[in-house]
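Visitor: sequence? don't have it. structure:
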């Protein structure tokens with residue numbers, strides 16, 4: 001079938017007696033083979049409001065030769081509206097790093113990064129959704145052995161998930177009831193990590209994930 005806009009309409013015999021009918025609009029496009037091999041990946045699995053986001057862009061020809069020293073343009077859209085634009089340039093290996101600052105106030109996780117690069121007189125493009133989280137992090141703690149015992153060294157594992165149940169990279173500190181830092185932590189794979197500390201009897205600890213301005217009580221036996 002030729003490319004264009006199509007409408008599918010479906011109904012049962014019984015529905016012919018009513019005004020109800022199923023309709024859906026479809027866009028049919030002709031397959032166009034790419035002229036370049038483009039890759040776009042973000043350096044972290046999640047970014048929060050005000051974060052500096054970094055994306056890694058790689059460009060190669062179809063015979064796997066890097067597009068060295070090529071200028072590129074990028075556009076960041078938030079909630080379907082253009083938020084910022086910029087330029088970058090690939091290095092000798094066809095790689096470029098695109099950096100942009102997310103707004104301090106975010107009401108949507110709908111972010112899209114689009115990169116355009118010219119090749120043989122034509123514009124080639126690639127887009128990726130920005131992994132934005134809205135400070136809604138589920139931060140869970142798992143003491144080794146099942147319990148944290150006062151006075152004994154504890155290996156505390158943790159896992160962070162965003163509002164969509166996906167891994168979220170976090171970093172922060174653990175403080176005591178006086179606000180004094182006890183230790184620091186940072187996830188290293190899929191929002192997971194671990195840290196060591198020695199809990200004290202009767203003390204209350206709080207984990208502060210500074211990246212997402214999240215504070216969550218660290219529940220220990222006896223508290």
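Guide: Looks like it came in fine. From a predicted model like this one, the values you see are computed outputs, not experimental measurements.
Visitor: quick one, what contacts the spatially most central residue of the chain?
Guide: For the chain, the residue nearest the mean C-alpha position is residue 131 (2.0 Å; C-alpha atoms, centre = their mean). Contacts for residue 131 were tallied using C-beta atoms under 8 Å, 6 or more residues apart in numbering; they are 42, 44-47, 162, 166. Where C-beta positions appear, they are placed from N, C-alpha and C, glycine not excepted.
Visitor: can you lay out the residues you listed as JSON lines showing neighbour count?
Guide: Listed next are these as JSON lines, based on neighbours: other C-beta atoms under 10 Å:
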{"residue": "42", "neighbour count": "17"}
{"residue": "44", "neighbour count": "14"}
{"residue": "45", "neighbour count": "18"}
{"residue": "46", "neighbour count": "26"}
{"residue": "47", "neighbour count": "25"}
{"residue": "162", "neighbour count": "24"}
{"residue": "166", "neighbour count": "14"}
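Visitor: what's the farthest-apart pair in those residues?
Guide: Pairwise distances across the contacts of residue 131 peak at 13.5 Å for 42 and 162 (criterion: C-beta to C-beta).
Visitor: picking that back up, now the residue nearest to the centre of the chain: how far from residue 143?
Guide: For residue 131, the distance to residue 143 equals 29 Å [C-beta to C-beta, to the nearest Å].
Visitor: my guess is residue 38 contacts residue 62. True?
Guide: No - the pair residue 38 / residue 62 is not scored as a contact, 11.1 Å apart, by C-beta atoms under 8 Å.
Visitor: about what we covered before: where does the residue nearest to the centre of the chain fall, phi/psi-wise?
Guide: Main-chain torsions, residue 131, degrees, to the nearest 10: phi -70, psi 80.
Visitor: against residue 163, how distant is it?
Guide: Distance, residue 131 to residue 163, using C-beta to C-beta: 11 Å.
Visitor: now residue 120
Guide: Residue 120 is 43 Å from residue 163, by C-beta to C-beta.
Visitor: so for those two, which residue has more residues nearby?
Guide: Neighbour totals were compared for residue 120 and residue 163, and residue 163 leads with 14 against 8 (other C-beta atoms under 10 Å).
Visitor: domain ranges for the chain, per the record?
Guide: For the chain, automatic domain parsing gives the domain ranges 36-129, 138-218.
Visitor: which of those domains sits closest to residue 16?
Guide: domain 36-129 (38.1 Å).
Visitor: let me know the pLDDT of residue 12.
Guide: Per-residue confidence (pLDDT) for residue 12: 91.
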